[in-house]
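J.: Can you look at this prediction? I've put the sequence above it.
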Amino acid sequence: MIHCAITGAAGRMGCAIVKAIAVNQFTRLSGALEREDSTFLNKDAGDVAGGERAGVRITPDISVAFKNADVIIDFSVPECAMNVLDEAVKLKKPVVMGTTGFSHHQRDAIKEVSLKLPLVLSPNMSIGVNLLFKLAQMTSEILGRDYDVEIIEAHHRHKKDAPSGTAARLAEVVAGALNRDIERVAVYERKGIIGERTPDEIGIQSIRAGDIVGDHTVMFAAMGERIELTHKASSRETFAAGAVRAALWVNGKQPGLYDMLDVLGLKG
């Protein structure tokens, strides 16, 4: 039995993960963390998630939340996530992290942490999305420079960062397969008289509307045809199930920076 502590326990993803932990026969919730001003403090995490009682009360105390955990699962914001990693290093506990929006400095700090403990870092824990990463890589390698690449993502109105971490990762995957520097070729907005599209640019466009859970499309377009790879999530359950799968996988692993392709055996 793997005991899991989660951050953002009262959030959308936190609640989905609480439920996913409860239905998995190999996992059990051991801690639930929320910010100090949360209205859900001291409430049972299972009740807050709308499922069965978990016997774990939501706390703002990170040391209490992580004390009995085998694995820490973090879906929060970058500032909170860095505090989570600091505490994980002290406790020598592996981490599954789905937080997005990290700065370059924070990413460097994450790499340093991964030298001390096993860390699964992925902008999207969905099995289908990680298959999309692999398919985008393969398609880019096959089609090469003859096809323009555009990435379109859509999320709910409450999402705070753009583009999504998944879209950013898709862009990195495509750029890597085409031997391009994503920092130089990414185009995030088009307006006005911008001139013709350059051969190497990779467009990344964001839509925010309603309650869209998460849609991602990678478009490969040439004269006469268009290929589109699309993943649409209709529920956060798919991300939560992937996070629990990653928690089971990372427990007992050697220190290192892993992703969901490692978890799913899709590397290479």
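T.: In hand now; what should we look at? Numbers count the residues shown, from 1 in each chain.
J.: contacts, neighbours, all on C-alpha from now
T.: Noted.
J.: lowest-confidence helix or strand of the chain?
T.: helix 260-264 (a mean of 92; mean pLDDT, DSSP states H and E).
J.: nearest residue to Ile62 other than its sequence neighbours?
T.: The shortest distance from Ile62 to any non-neighbouring residue, by Cα to Cα, 6 or more residues apart in numbering, is to Leu33 (6.5 Å).
J.: show me where the stretch 1-150 of the chain has helices.
T.: Assigned by DSSP state H, counting those that start in this stretch, the helices in the stretch 1-150 of the chain fall at 12-23, 45-49, 62-66, 78-91, 104-113, 127-143.
J.: quick one on the thing from earlier: wait, doesn't the residue nearest to Ile62 sit right on Gly14?
T.: No. Look at Leu33 against Gly14 with Cα atoms under 8 Å: they stay out of range, at 9.4 Å.
J.: Quickly list what's touching both of these two.
T.: Ile6, Thr7, Gly8 (Cα atoms under 8 Å, 6 or more residues apart in numbering).
J.: Keep only those of those that are in strands.
T.: When DSSP state E defines the strands, the subset of the shared contacts of Leu33 and Gly14 inside them is Ile6, Thr7.
J.: Now neighbour count and distance to Ala81 too, for the shared contacts of Leu33 and Gly14, in JSON lines please.
T.: As requested, those are arranged in JSON lines below (neighbours: other Cα atoms under 10 Å; distance: Cα to Cα, whole Å):
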{"residue": "Ile6", "neighbour count": "31", "distance to Ala81": "11"}
{"residue": "Thr7", "neighbour count": "30", "distance to Ala81": "9"}
{"residue": "Gly8", "neighbour count": "23", "distance to Ala81": "10"}
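J.: Show me which of the shared contacts of Leu33 and Gly14 has the smallest pLDDT value.
T.: Lowest pLDDT among the shared contacts of Leu33 and Gly14: Gly8, with 93.
J.: Quick one: residues contacting that residue.
T.: Contacts of Gly8 (Cα under 8 Å, 6+ apart): Gly14, Ala32, Leu33, Glu34, Arg35, Asp74, Phe75, Ser76.
J.: backbone phi and psi for it, please?
T.: Note on Gly8: backbone dihedrals following degrees, to the nearest 10 are phi 60, psi 40.
J.: Okay then, goodbye and thanks.
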